[in-house]
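*Asks:* Structure here, sequence nowhere to be found:
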């Protein structure tokens, strides 16, 4: 990987993309669990990503974009396999067995892996006290946010597979971070929509062997899927994949990876707030502390970038 200059992007579009990723992905913890209760995980993943990918590719063809360029398809396919098949696929699988609270905590380790795997930015990130402090405090904040649920889960469950599932989530976080960085440094050519389409199609195809070998496709009884199962799948296709994932891929091209990775800390906050407003859940004092810590961590992670921007403006002003 080689370091690349961040292309300029309108501030309003950046804010809109971050808002989409923060809020929509924060809600997908709930909708993934709703979907896998009625549609097996491999089948659900295949339908979700193939449908979203084909819809986006069709739109790209309608706009007369160059979509059948082999080197673009190859790069996008690798990204899709790392991000969506391994990263998101393992999350879908594990949510059958673990509470969403534990899933959210393990997934929130992604920003740490971003720093460790982003070799071109090692010097900048590791030397930044605000970035490192933000990463550590953000992860601590997520643990505080879900501490009560995780404690109760460990006390009430003696599942021998719990450790294995936690390890799978760790692999998912590493794969997601690695795939994101691969996309950032290698997906410069071709339109963002076309590349995103091929990422989803590659992941959707990769899920098919799992559908067949596990018997999901053969044993699936479509007539038993209730309305909420279909609605959850539709939401994941339209909002989780087409809207939020497209915004995420675009943000990786125009913003620093550590800044984009803050979604992993904010998503659990959104999940908790949605539960409060729409499911009559309550927030404990410990959760409020966790929310504050997470907010502070996001500000710290972005502080180094803000300082750098201000220094660049001052240098530019002095030259003029």
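*Replies:* In hand now; what should we look at? Keep in mind that what you see is a predicted model, and the values were worked out from it rather than measured.
*Asks:* dump the residue contacts of residue 126.
*Replies:* By CB atoms under 8 Å, 6 or more residues apart in numbering, the contact set of residue 126 is 115, 132. Bear in mind the C-beta positions are built from the backbone N, C-alpha and C, glycine included.
*Asks:* How about residue 264?
*Replies:* Counted by CB under 8 Å, 6+ apart, residue 264 has contacts 107-111.
*Asks:* How about residue 90?
*Replies:* 168-169, 171-172, 175.
*Asks:* do you know how far residue 82 is from residue 256?
*Replies:* 20 Å (CB to CB, to the nearest Å).
*Asks:* and if you look at residue 245?
*Replies:* Residue 245 is 19 Å from residue 256, by CB to CB.
*Asks:* just residue 60 next, same as before
*Replies:* 27 Å.
*Asks:* Next: residue 16.
*Replies:* Residue 16 is 18 Å from residue 256, by CB to CB.
*Asks:* higher neighbour count, those two?
*Replies:* The residue with more neighbours, out of residue 16 and residue 256, is residue 256; 22 against 12, by other CB atoms under 10 Å.
*Asks:* Check the separation of the first and last residues in stretch 33-49.
*Replies:* 16 Å (CA to CA, to the nearest Å).
*Asks:* List the contacts of that stretch.
*Replies:* 80, 84-85, 88-89, 92-93, 95-96, 100, 200-201, 203-205, 207-208, 210-211, 214, 216-217, 220, 224-226, 228-229, 232-233, 236-237, 240-241.
*Asks:* What sits closest to residue 113 if chain neighbours are left out?
*Replies:* Among residues not flanking residue 113 along the chain, residue 177 sits closest, at 3.7 Å (CB to CB, 6 or more residues apart in numbering).
*Asks:* who's in contact with that neighbour?
*Replies:* 110, 113-114, 117, 261.
*Asks:* And for residue 84?
*Replies:* 45, 49, 199-200, 202-203, 245.
*Asks:* Show the buried residues in those residues.
*Replies:* For those, a burial check counting by 16 or more other CB atoms under 10 Å picks out 45, 49, 199-200, 202-203, 245.
*Asks:* so how far is residue 30 from residue 272?
*Replies:* Taking CB to CB, one finds residue 272 at 11 Å from residue 30.
*Asks:* And those two? Which one has more around it.
*Replies:* Taking neighbours as other CB under 10 Å, residue 272 and residue 30 compare with residue 272 leading, 21 against 17.
*Asks:* Can you give the distance of the one helix or strand that one maps to from its chain's centre?
*Replies:* For residue 272, the host element (DSSP states H and E) is helix 263-278. Put simply, helix 263-278 sits 14 Å off its chain's centre (CA atoms, centre = their mean, to the nearest Å).
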